[in-house]
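Colleague: only geometry, no sequence info:
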């Protein structure tokens, strides 16, 4: 299925093909695994060799691939390492307006000068070696400082993208934007259902929810009282801040590392931070969990971070006896689960226990089955949630 150029140089397409692609776009909103095939359909429709959805921070030039079809991995890495910073469409940022459609000729029109695009480092060293001679795309939406973009590339032999193609892409882009918004809403709904306020309100430990910009979005009653006391940390400009300067440096560094890891991999391991003074009896232990989703397309933008707060008298990490009785774990499974709940990686736990890595993976699979979990962060949250509320 594809759009074609007829013998008179006019873009033609089938209404059935267009309808099929639009259905595929909305199917992808409900089932994120379909975005890859949808990008492939769009790539073929416009006689392109590559297409993709990516997001780029217009202030820092950080780059995250949401879906890529037809790109070489090495060139994607080089874009992340360097060429995102010299992307000519981000030099005059006014070009990257929400809903605006751009082609490789847009720079020439903007500067009223020929070959502006062809003379850039981006074209000569990144696009041209891949035979990406012509491009079509633009910004679908702007989320805070992040642009969500859709882009096509094709070689000289396929010709310039025509005005008819630009118009058709604008129509598809409108549907893609709506589909991404639906996916985002479903993503947020899924996360909220997994960490509902009703459950969090009843926890015996403090719970703070942060968005991907580290703004506080939720406090349970215990966390509210803890922040009001300002003994170990407080809320400043709707951000979680440790009172002690050194504690705060470490806390902010840890939170930023988790955010960066989510952007790169879609998930992050639990982290643990101590704040306050043992001498004054104000020490608080923070357990930091990334609450992500199976939707890898949107999880990098709309995940949540849970910060669980306990003091020196409140143990959050479950003991092995409790795990054996609560979940029917064996001694080895309970030992492994306990160490994972402390934020250790599976390889490190396997080494500590003297287990082969594959044996540890087998134990973890069984633990997931017994606790109805699918990933380590979910397991940690389940174990801590159950343990602090258990009648021990």
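Modeller: Received the coordinates, thanks. In this text the structure is predicted, and so the values were computed from the model without any measurement.

Colleague: list the residues that contact residue 52.
Modeller: 39, 65, 66, 67, 68, 69, 70, 71, 150, 151 (Cβ atoms under 8 Å, 6 or more residues apart in numbering). Every C-beta, even on glycine, is put in place using the N, C-alpha and C of the backbone.

Colleague: give me the nearest residue to it, chain neighbours excluded.
Modeller: Among residues not flanking residue 52 along the chain, residue 68 sits closest, at 4.1 Å (Cβ to Cβ, 6 or more residues apart in numbering).

Colleague: contact partners for the one you found?
Modeller: 39, 50, 52, 54, 76.

Colleague: surely residue 70 touches residue 50?
Modeller: Yes - taking contacts as Cβ atoms under 8 Å, residue 70 lies within contact range of residue 50: 3.5 Å.

Colleague: what is in contact with the two at once?
Modeller: Residues touching both residue 70 and residue 50 (Cβ under 8 Å, 6+ apart) are 43, 153.

Colleague: hang on, the earlier thing: just the contacts of residue 68 now: which is nearest residue 110?
Modeller: Checking these against residue 110 with Cβ to Cβ, the nearest one is residue 54 at 21.6 Å.

Colleague: just confirm that closest one is within a strand.
Modeller: Yes - read with DSSP: H, G, I helix; E, B strand; the rest coil, residue 54 is one of the residues of a strand.

Colleague: residue 351 and residue 339, how far apart?
Modeller: Here the criterion is Cβ to Cβ, to the nearest Å. By it, residue 351 lies 11 Å from residue 339.

Colleague: for the two, work out which one has more neighbours and name it.
Modeller: residue 339 (19 against 14; other Cβ atoms under 10 Å).

Colleague: surely that one touches residue 350?
Modeller: No - in this structure, residue 339 is not within contact of residue 350 by Cβ under 8 Å, at 9.7 Å.

Colleague: where do the strands of the stretch 251-392 of the chain begin and end?
Modeller: Counting by DSSP state E, counting those that start in this stretch, residue ranges of the strands within the stretch 251-392 of the chain are 271-275, 284-291, 304-311.

Colleague: okay, the ones you listed in TSV with mean pLDDT and distance to residue 371 next?
Modeller: Output for these, formatted as TSV (pLDDT from 0 to 100; distance: least, Cβ to Cβ, whole Å):
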stretch	mean pLDDT	distance to residue 371
strand 271-275	83	20
strand 284-291	82	15
strand 304-311	82	17
